[in-house]
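**Q** Let me see the structure of the following:
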Amino acid sequence: LQRARGNAGKTVWLLPTGLCMAHYESGFDTSFVDHNPDGSSEYGIFQLNSAWWCDNGVTPTQNLCHMECRDLLNPHILDDILCARCGLDPGDSWIRHCSGHDLSEWLKGCNMHAKPDAKKINNS
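**A** I've put the predicted structure just below:
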């Protein structure tokens with residue numbers, strides 16, 4: 001889950017960021033599917049959208065991760081992580097609950113430390 005915002009403007013993942021996002025997007029439920037008013041659906045622990053990231057056989061899709069959406073609904077999340085790393089932009093849940101917040105709580109008991117979001121802190 002490790003990435004960071006680089007020169008190209010791509011989101012960089014950090015472990016606490018991914019954990020926070022998974023909590024607020026799906027409650028860590030790998031089988032969670034949510035349906036959107038536009039007809040697309042969101043799948044799995046990171047709620048990857050069928051219009052962009054995967055093919056559900058129904059929604060017209062870019063299928064940027066070259067995978068079927070149902071593959072995001074099992075407890076094996078490596079493919080979810082790899083897909084999310086392709087350039088998934090954080091959603092409203094991440095912006096509301098994770099961005100600019102102290103994410104060290106997500107690493108308690110892991111003998112790891114979360115680095116503060118320096119960009120967010122400097123803009124405060």
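**Q** Quick check: nearest residue in space to residue 20, chain neighbours excluded?
**A** Leaving aside its sequence neighbours, residue 20 sits nearest to residue 98 (Cβ to Cβ, 6 or more residues apart in numbering; 3.8 Å). Every C-beta, even on glycine, is put in place using the N, C-alpha and C of the backbone.
**Q** got it, and residue 54?
**A** Per Cβ to Cβ, 6+ apart, closest to residue 54 is residue 69, 3.9 Å.
**Q** From residue 22, how far off is that neighbour?
**A** For residue 69, the distance to residue 22 equals 17 Å [Cβ to Cβ, to the nearest Å].
**Q** and what of residue 76?
**A** Residue 76 sits 14 Å away from residue 22, going by Cβ to Cβ.
**Q** out of these two, which sits in the more crowded spot?
**A** residue 22 (25 against 9; other Cβ atoms under 10 Å).
**Q** what's the neighbour count on residue 105?
**A** Residue 105 is flanked by 11 other residues according to other Cβ under 10 Å.
**Q** Doesn't it belong to a helix?
**A** Yes: checked against DSSP: H, G, I helix; E, B strand; the rest coil, residue 105 lies within a helix.
**Q** how far is the longest helix belonging to the chain from where the chain is centred?
**A** The helix that spans the most residues within the chain, counting by DSSP state H, is helix 15-26. Distance of helix 15-26 from its chain centroid, counting by Cα atoms, centre = their mean, to the nearest Å, is 7 Å.
**Q** Now that helix: buried residues?
**A** 16, 17, 18, 19, 20, 21, 22, 23, 24, 25, 26 (16 or more other Cβ atoms under 10 Å).
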